[in-house]
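*Asks:* How does the following fold in three dimensions:
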Amino acid sequence: MAMAAEAAPLNYFLHSDGPASLPTMHLGWVFTAVVVAVLAIIALLLAGALFRKRTLAAPRTVGRENEGMRWIYIGTGLSTAALFALAVYMLITLDKVAQPTQTPALAVTVTAYDWWWKVEYDDDDPSRRFVTANEIHIPVGRPVRVRLQSADVIHAFWAPRLAGKTQMIPGLQNRQWLQADAEGIYRGQCVQFCGLQHAHMGFEIVAQSPVAFQAWQDAQRKAAAPASEPDVAAGRKFFIEQCAGCHSVRGTEAGGKHAPDLTHLNSRRMLAAGLLTNTAEHRIEWITRVQALKPGARMPAFALTPGETAALSAFLSTLD
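*Replies:* So this is what the prediction gives:
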């Protein structure tokens, strides 16, 4: 699946890929056109003032005062009318993007942490709920309700090609909706400065066909496969001893709630909220050099022996 507009994944001014972002894009065009028009008018007036020549007979004459005031009245009236029209158009746009036109296909709760995203797929049946991290899968052509909250400081959820920015404030749950018109991978980002690694707090929204999305959901609800090979068993034991206090892996004793759920780690494209691609080498690099790669992250770096590295890598490779 190709990245949507891979060359410019955050280009919301020229591209929209869903009905929640299209009115906002058009609003940006209108505001830009007005700003350019105002700039052009001011530039022309300034040029006229600079190049206009007074008659030699009265070089210090500036004209009657009431003539100048008339143009001030005209300019003020035109500016007021333009600003009022822009305000009305902005309110109309806000109303358009406030609610989807059809019932959302699903609800997702996204919790922002320093510096990653917890993604919970809600369901009326508790046994069908599951948790993932930094990657949101949605069905194409269906609106999705997103509940937004923060676990620590103020963050902001922004998937510019699909929807506008929404603040995530501790103690308050905000809501927005988004919808993708085409399959693809859409980049998202925290856009409220939240600390040292604010720039490395990205996420991806993966829009899939309804059939592919349902298959992904079914796979995510499964627990991790049991360890069979000796290296995998040793790696699982190391993980339980060293990592289970923060991370969860369903189907094992690991039940930590302070860091990403890793039950289906290998189904994700990226690691560390978009910092690294999800490869076996990068997984070990992240574990051993986390503070060098993302200074200030709450995960400590681990010094691993070659045997521990091989065993832990073997276990993590089974988390499909």
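
*Asks:* looking at the chain, which helix or strand does the model trust least?
*Replies:* helix 65-98 (a mean of 86; mean pLDDT, DSSP states H and E).

*Asks:* At the geometric centre of this protein, which residue sits there?
*Replies:* Among the residues of the chain, the one closest to the centroid is residue 188, at 2.6 Å (Cα atoms, centre = their mean).

*Asks:* What pLDDT does the model give that residue?
*Replies:* For residue 188, the pLDDT comes out at 95.

*Asks:* Apart from its neighbours in sequence, what residue is nearest it?
*Replies:* Nearest non-adjacent residue to residue 188, counting by Cβ to Cβ, 6 or more residues apart in numbering: residue 159, 4.0 Å away. All C-beta spots, glycine's among them, are computed from the backbone N, C-alpha and C.

*Asks:* got the domain boundaries for the protein?
*Replies:* Using automatic domain parsing, the domain parsing of the chain gives 22-98, 106-220, 230-316.

*Asks:* how about the helices in the stretch 101-250 of the chain?
*Replies:* Along the stretch 101-250 of the chain, the segments classed as helices by DSSP state H, counting those that start in this stretch run 210-220, 230-242.

*Asks:* then the longest one to PDB, C-alphas only?
*Replies:* Pointing back at helix 230-242 there. Extracted in PDB, the C-alpha atoms of helix 230-242 (Å, rounded to 0.1, in the frame of the first residue of the first chain):
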ATOM      1  CA  PRO A 230      14.300 -22.500  22.700                       C
ATOM      2  CA  ASP A 231      15.500 -19.100  21.600                       C
ATOM      3  CA  VAL A 232      11.900 -17.800  21.500                       C
ATOM      4  CA  ALA A 233      11.200 -19.200  25.000                       C
ATOM      5  CA  ALA A 234      14.400 -17.600  26.300                       C
ATOM      6  CA  GLY A 235      13.500 -14.300  24.700                       C
ATOM      7  CA  ARG A 236      10.000 -14.400  26.100                       C
ATOM      8  CA  LYS A 237      11.400 -15.000  29.600                       C
ATOM      9  CA  PHE A 238      13.800 -12.100  29.200                       C
ATOM     10  CA  PHE A 239      10.900  -9.900  28.000                       C
ATOM     11  CA  ILE A 240       8.700 -10.900  31.000                       C
ATOM     12  CA  GLU A 241      11.400 -10.100  33.400                       C
ATOM     13  CA  GLN A 242      12.600  -6.800  32.000                       C
END
